[in-house]
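# model this:
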Amino acid sequence: MTRKNRYVLSRIAVLFMAVWSAVAGVHCERPVTLAETIALARERSVDAEVAANSLRSAYWEYRTYRAKLLPEVTFSGTIPSYNKRYNPWQNSDGSYTFLRDDNLQLQGSLNVEQRVWLTGGTLSLTSSLDFIRQLSGETGNLYMSVPVALKFNQPLFGVNDVKWDRRIEPVRYREAKATYVMATEEVAMTAIRYFFTLLTARETLANAAQNVANAEKMYEAAKVQREMGRISGNDLLQIELNLINSRSEYMEGESAVKSAMFQLRSFLDLPETDELVPVTPEYGEAGKVDYDNALELALANNPLALNIRRRQLEADYEVAKAKGEMRQINLFAQVGFTGTDSNLGATYRNLRDNQIVEVGVSIPLVDWGKRKGKVETARSQRMLTESTLRKERADFCQNLFVLVERFNNQQSQLGMARRADEIATRRYDSSVETFMIGRLSALDLNNSQEKKDAARLKYLNELYMYWYFYYQLRSLTLWDFKEGMPIEADFENVISVKS
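So this is what the prediction gives:
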């Protein structure tokens, strides 16, 4: 069998295997664009689900805070309590004895409680009813009712937790929402990295396949030229070495494509039968970005600004709490009515005043500076927090400035890389034609091939860096520079989805 016949049969076999695989559904080629990859990542990736769950957790924490500001209605009761025992009893002469007690008790109370936002105290309205039935001795029923009792409990010098919660928690929730939007942009950045890894791997494999085909042609032509005495034996060996190297690079390229394919497919949660074929994206043309404008957008939208505000408030709260713990004075007051009778109806008719006023005081006389030390510790921690926040803000501004400069420069770098890729490809095609007519050495052809492959990979890398920098800018500013509008999310839809 001739070499040509073997080549034809091998091609037929490859074509048959490809058709069979497609019919059997083993692999299905699926062209995928960069925009589609980003959309799938935001919808299906584990990273996106983690960001959504973090937002849901923050939402329910905020809902819990809001619920604490509303009146709370509770019912408590003992239904029933049965006692049959001896209880100690002191006689009038000072001696003790034990009396038999056999009774059934029922107790119930309805309580409405509301935190007072202005003072931090607690105001409650209570209604209760107690019932006792004596089961031995002089049996009978006894009721005691409190139709209404108004209670007020107020720390006089303690920290007002309600006031601080109303200042901190809304900021915390806004920070969580901004963090979620930022996280979705970071998911896009990860998708871009995986997308271009696969794109570069497939491009490298395609170059390797082309190089193998060209090396085979040149090797066959070189053997003919060697027989005619047009090239030296050394050139023939060099061309054969190029062929071996090309085949080795092709095998390495296959492994790289499989690895990159698995990585992207797993990240997008796609079935293993999908053979992803990334489509080379176009140049975005978002235009130049002004640093001052980007900084203004970042300070307005980025969660860092809210994070700084929240941590500053928390540091102030710790100082206020430490000061409030230096002395404790608590006021408790209760006004209402109560009644007792053996008849349930009479219990609510024969009412009497029920009033309680208490002032509890806890003032340390000698604590060896413990409470003062807590205050100074809180103050020092607040100063440390302020310094840390200033440094974080300065680092953020510096990183944003560097990113803006790199993005603006990247657009020029991308244009030059694209032009270099076009030139290197045309130069290589011309070198192959020149070699085939015997006017170019194997070393020069090999050099042209290497530059062509390097130029193509450099262009893809510059394209990757452009899109990565662009979405990094979006993640820091939460602004779509191409559309000129803020990046928003459907928070209600994200929160309503049940895990």
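
# grab the nearest non-local neighbour of the residue nearest in space to the middle of the chain.
Note on the chain: the residue nearest the mean C-alpha position is Ala51, at 3.1 Å, using C-alpha atoms, centre = their mean. Nearest residue to Ala51, sequence neighbours excluded (C-beta to C-beta, 6 or more residues apart in numbering): Ala183, at 3.6 Å. No exception for glycine: its C-beta is placed from N, CA and C like everyone else's.

# that neighbour: what's it in contact with?
47-48, 50-51, 54 (C-beta atoms under 8 Å, 6 or more residues apart in numbering).

# measure it to Ala41 for me?
Separation of Ala183 from Ala41 (C-beta to C-beta, to the nearest Å): 12 Å.

# one step back: filter the contacts of Ala183 down to the ones in helices?
47-48, 50-51, 54 (DSSP state H).

# I'd like those residues as TSV, with distance to Glu282 and pLDDT appended.
Output for the ones in helices among the contacts of Ala183, formatted as TSV (distance: C-beta to C-beta, whole Å; pLDDT from 0 to 100):
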residue	distance to Glu282	pLDDT
Asp47	26	92
Ala48	25	92
Val50	31	93
Ala51	28	93
Ser54	34	93
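
# are any of those residues buried, and which?
47-48, 51 (16 or more other C-beta atoms under 10 Å).

# hang on, the earlier thing: surely the residue nearest to the centre of the chain and Tyr180 touch.
Yes: the pair Ala51 and Tyr180 passes the contact test of C-beta atoms under 8 Å, sitting 5.5 Å apart.

# who are the contact partners of Ser232?
Per C-beta under 8 Å, 6+ apart, neighbours of Ser232: Arg226.

# show me where the stretch 101-250 of the chain has its helices.
161-228, 233-268 (DSSP state H, counting those that start in this stretch).

# mind putting those in a markdown table, distance to Arg63 included?
Compiled in a markdown table, the helices of the stretch 101-250 of the chain are given as follows (distance: least, C-beta to C-beta, whole Å):
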| stretch | distance to Arg63 |
| --- | --- |
| helix 161-228 | 9 |
| helix 233-268 | 32 |
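
# so of the ones you listed, which one's packed in deepest?
helix 161-228 (a mean of 19; mean count of other C-beta atoms under 10 Å).

# starting at the chain centroid, how far to that one?
20 Å (C-alpha atoms, centre = their mean, to the nearest Å).

# circling back to that earlier point, if we take the contacts of Ala183, which one ends up nearest to Ser248?
Asp47 (35.9 Å; C-beta to C-beta).

# check contacts around the nearest residue to Met218 once chain neighbours are set aside.
Spatial nearest neighbour of Met218, excluding adjacent residues (C-beta to C-beta, 6+ apart): Ile239 at 5.6 Å. Neighbouring residues of Ile239 by C-beta under 8 Å, 6+ apart: 215, 218-219, 222, 442.

# and with 10 Å instead?
By C-beta atoms under 10 Å, 6 or more residues apart in numbering, Ile239 lies in contact with 215, 218-223, 225-226, 231, 435, 441-443, 445-446.

# which residue sits farthest out from the middle of this structure?
Asp93 (75.0 Å).

# the residue nearest to Arg56 when sequence neighbours are not counted and Met436, how far apart?
Nearest non-adjacent residue to Arg56, counting by C-beta to C-beta, 6+ apart: Ile495, 5.6 Å away. Separation of Ile495 from Met436 (C-beta to C-beta): 66 Å.

# could you do Met383 as well?
Taken as C-beta to C-beta, the span from Met383 to Met436 is 77 Å.

# okay, these two: which has more neighbours?
Met436 (15 against 11; other C-beta atoms under 10 Å).

# for the residue nearest to that one when sequence neighbours are not counted, what are its contacts?
Distance criterion C-beta to C-beta, 6+ apart; nearest residue to Met436, sequence neighbours excluded, is Ala221 at 6.1 Å. Each residue near Ala221 by C-beta under 10 Å, 6+ apart is listed here: 230-231, 239, 435-438.
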